[in-house]
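[1] Got a sequence here, can you build the structure:
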Amino acid sequence: MIQDTTFSIHRLRFDENYHPSDKTRLTTNFANLARGESRQENLRSVLRMIDNRFNDLAHWDNTKRDRYTLELEIVSVEMDLAFSGQSGSFPLIEILYTTIVDKNANKRISGLAGNSFSSYVRDYDFSVLLPAYNKKKAKFSVPHNYGNLHGNLFKSVMNSTAYKQNFKKLPVICLSVSTNRTYHRTENQHPVLGVEYEQREFSLTDQYFKKMGMQVRYFMPRNSAAPLAFYFFGDLLSDYSTLELISTISVMESFQKVYRPEIYNANSAAADCCQPSLKHQDYSNTRIVYDREERTQLAISQGHYTDEHFIKPYHDILEKWSADYTA
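    A predicted model of the protein is given here:
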């Protein structure tokens with residue numbers, strides 16, 4: 001049966017020399033940048049963007065805007081298949097971990113785990129299960145217990161000894177806002193996260209993360225073009241330090257400028273009432289090579305991989321465990 005020792009954590013430095021491992025989801029932000037002829041220039045450019053944005057937000061006692069640099073590690077969680085009587089492991093999720101280097105004080109400061117989020121089971125749920133379920137339906141809907149297995153697996157990882165030994169705090173995951181929701185600016189403003197936005201109906205992604213035990217709030221940081229969705233446990237505004245929050249913003253906003261420039265590299269900031277759109281024309285390119293269509297196709301192929309190597313072989317065991325699971 002799935003237990004605490006089922007999960008193991010591996011860490012790999014993400015820098016200009018990074019090469020995706022065989023077990024990395026190729027659709028993930030960092031792996032997608034590290035492929036093709038422009039891989040090293042892509043990596044250098046996005047790392048430079050991250051550092052520049054961090055120094056822009058952490059501007060106090062930083063007159064030259066060069067005091068800080070970020071180091072990134074890819075955190076991979078593997079699931080031991082011994083629970084099924086089989087040998088081997090399955091690559092479950094990947095997140096990023098940040099370390100803040102203060103060059104003035106010559107010290108290293110722990111950042112946050114989370115930031116980006118990748119999951120093979122999520123690929124299966126969104127790219128295989130959901131399309132198949134809705135193939136002949138007149139109105140879009142989700143299957144019964146949609147996201148339950150993934151959510152319980154994620155909560156098990158967060159509660160595991162492996163996670164607690166590696167990280168002092170629970171993760172904050174930062175993603176793009178939904179393109180089929182409308183967001184409304186509020187009067188609430190945080191000194192780092194910026195202006196808060198609200199929306200009246202959770203997106204499918206919001207609901208999916210709720211199954212993982214996470215809440216969501218939407219903030220548009222200073223000098224940003226659009227709000228970001230922050231998924232978290234506990235209290236986002238008081239559980240994390242200023243520099244920790246800045247590390248997440250600088251990493252994920254830089255990724256979003258590459259992957260969704262129509263929204264996050266727009267030439268004008270989001271209005272008080274905004275509906276993000278990938279059809280927006282007034283934006284700037286980052287000149288970082290990226291194929292969005294290829295990423296979509298990879299998500300589908302990796303969803304089928306998950307179905308073949310994880311969902312189908314262990315379906316009955318996983319479903320029973322998930323039905324009985326209590327965090």
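[2] So, low pLDDT: which residues of the protein?
    18-39, 289-292, 294-295 (pLDDT under 70).
[3] for it, what spans make up the helices?
    Using DSSP state H, the helices of the chain run over residues 29-33, 39-57, 120-124, 130-133, 148-158, 161-166, 204-211, 242-259, 261-264, 292-306, 315-324.
[4] Could you export these as TSV, including distance to Gly85?
    Any C-beta I mention is one placed from the backbone N, CA and C, and that applies to glycine too. Compiled in TSV, those are given as follows (distance: least, C-beta to C-beta, whole Å):
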stretch	distance to Gly85
helix 29-33	31
helix 39-57	40
helix 120-124	20
helix 130-133	28
helix 148-158	19
helix 161-166	22
helix 204-211	28
helix 242-259	39
helix 261-264	46
helix 292-306	20
helix 315-324	9
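[5] For Asn285, which of these is the nearest?
    Each of the helices of the chain has some distance to Asn285 by C-beta to C-beta; the shortest is helix 261-264, at 5.9 Å.
[6] Run a quick check on Tyr218 versus Glu198, I expect a contact.
    Yes. Judged on C-beta atoms under 8 Å, Tyr218 makes contact with Glu198 at a distance of 6.9 Å.
[7] among the helices of the chain, which is nearest Asn188?
    For Asn188, the closest of the helices of the chain is helix 242-259, at 15.2 Å, according to C-beta to C-beta.
[8] list the helices and strands that closest one packs on?
    Counting by 3 or more C-beta pairs under 8 Å, 6 or more residues apart in numbering; DSSP states H and E, the packing neighbours recorded for helix 242-259 are helix 29-33, helix 39-57, strand 68-80, strand 89-102, strand 107-119, strand 172-176, strand 228-232, helix 261-264.
[9] just checking, Glu73 touches Phe14?
    Yes. Applying C-beta under 8 Å, one finds Glu73 in contact with Phe14, separated by 6.3 Å.
[10] ok, back up a step: quick one: closest of the helices of the chain to Arg108.
    Distances from Arg108 to each of these were compared using C-beta to C-beta; the minimum, 11.5 Å, belongs to helix 242-259.
[11] what's the span of stretch 1-15 from first residue to last?
    37 Å (C-alpha to C-alpha, to the nearest Å).
[12] ditto for stretch 306-320
    Across stretch 306-320, the straight-line distance between its terminal residues is 18 Å, by C-alpha to C-alpha.
[13] Equivalent analysis for stretch 306-326, please.
    From start residue to end residue, stretch 306-326 stretches across 24 Å - C-alpha to C-alpha.
[14] before we move on, what about stretch 305-325?
    Terminal residues of stretch 305-325 lie 25 Å apart, using C-alpha to C-alpha.
[15] just stretch 210-225 next, same as before
    The first and final residues of stretch 210-225 sit 26 Å from each other (C-alpha to C-alpha).
[16] quick one on the thing from earlier: please enumerate the shared neighbours of Tyr218 and Glu198.
    Listed as contacting both Tyr218 and Glu198 by C-beta atoms under 8 Å, 6 or more residues apart in numbering are Tyr183.
[17] Compare these two and say which is more crowded by neighbours.
    Tyr218 (23 against 12; other C-beta atoms under 10 Å).
[18] Run through who's touching stretch 178-191.
    With contact meaning C-beta under 8 Å, 6+ apart, stretch 178-191 is reached by 177, 195-201, 203-206, 218-220, 227, 229, 237, 242, 263, 270-278.
[19] Narrow these to those in strands?
    When strands are assigned by DSSP state E, the members of those inside them are Val195, Glu196, Tyr197, Glu198, Tyr218, Phe219, Met220, Ala229, Cys273, Cys274.
[20] Output those in JSON lines, with distance to Arg48 appended to each entry.
    What follows is the ones in strands among the contacts of stretch 178-191, written out as JSON lines (distance: C-beta to C-beta, whole Å):
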{"residue": "Val195", "distance to Arg48": "27"}
{"residue": "Glu196", "distance to Arg48": "29"}
{"residue": "Tyr197", "distance to Arg48": "28"}
{"residue": "Glu198", "distance to Arg48": "33"}
{"residue": "Tyr218", "distance to Arg48": "27"}
{"residue": "Phe219", "distance to Arg48": "24"}
{"residue": "Met220", "distance to Arg48": "23"}
{"residue": "Ala229", "distance to Arg48": "25"}
{"residue": "Cys273", "distance to Arg48": "34"}
{"residue": "Cys274", "distance to Arg48": "28"}
